[in-house]
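Peer 1: just a sequence and a predicted model for now, questions to come.
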Amino acid sequence: MKYLRIAVIALAFLLPGRAAMAQAIIQHAVQQAAPTSDGSDDVFIPISKYLASGNVEALSAWFADNLEIAVLAKESDASRAQARQIVKTFFDNHTPRSFNITHTTGRANMKYALGTLMAGGEAFSVTIFMSCKNGTYLIQQLKIERL
């Protein structure tokens, strides 16, 4: 009985620390994937990484609730879920190898980037337009075209 009491007391001290550590790790991971309100062009760094790796789930975290999307000349206004599926289908058919931003510009509450995506043995031009709403930059328009 004495050993059981010692074990319970030891667990009581260890578990809160481990839970706090696990919570800190999860919070850090969410912050890495979540959109930021930073006014710099740094918003394109994670987006570039997600395009290069074909990570549709992380990329779609940056989508506005409704956005304009054009992939291989098929344009539409789509919800976040619809846009996620459109991009997923594109990545399923064209496995991404790399993505490089070639130009960025912007002004208050708006950012714009042009880049080149190498996928499925082809080169694609990618245009990203972002706007700031409620302090967070989100993708309002995404366009992927063959070069």
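Peer 2: In hand now; what should we look at?
Peer 1: remind me which residues of this protein are low pLDDT?
Peer 2: Scanning the chain with the threshold set as pLDDT under 70 gives 1-41.
Peer 1: show me the domain layout of this protein.
Peer 2: 1-33, 38-146 (automatic domain parsing).
Peer 1: ranges for the strands of this protein?
Peer 2: Using DSSP state E, the strands found in the chain span residues 63-71, 74-79, 96-107, 110-119, 122-133, 136-146.
Peer 1: check contacts around the residue nearest to residue 78 when sequence neighbours are not counted.
Peer 2: Among residues not flanking residue 78 along the chain, residue 69 sits closest, at 5.1 Å (Cβ to Cβ, 6 or more residues apart in numbering). For every residue, glycine as well, the C-beta is placed using N, CA and C. Residues near residue 69 by Cβ atoms under 8 Å, 6 or more residues apart in numbering: 75, 76, 77, 78, 82, 83, 86, 87, 141, 142, 143.
Peer 1: partner residues bridging residue 69?
Peer 2: Beta-bridge pairing of residue 69 under DSSP bridges involves residue 76, residue 142.
Peer 1: nearest to residue 123 among the contacts of residue 69?
Peer 2: residue 143 (14.6 Å; Cβ to Cβ).
Peer 1: name the nearest residue to residue 123, sequence neighbours excluded.
Peer 2: residue 147 (4.3 Å).
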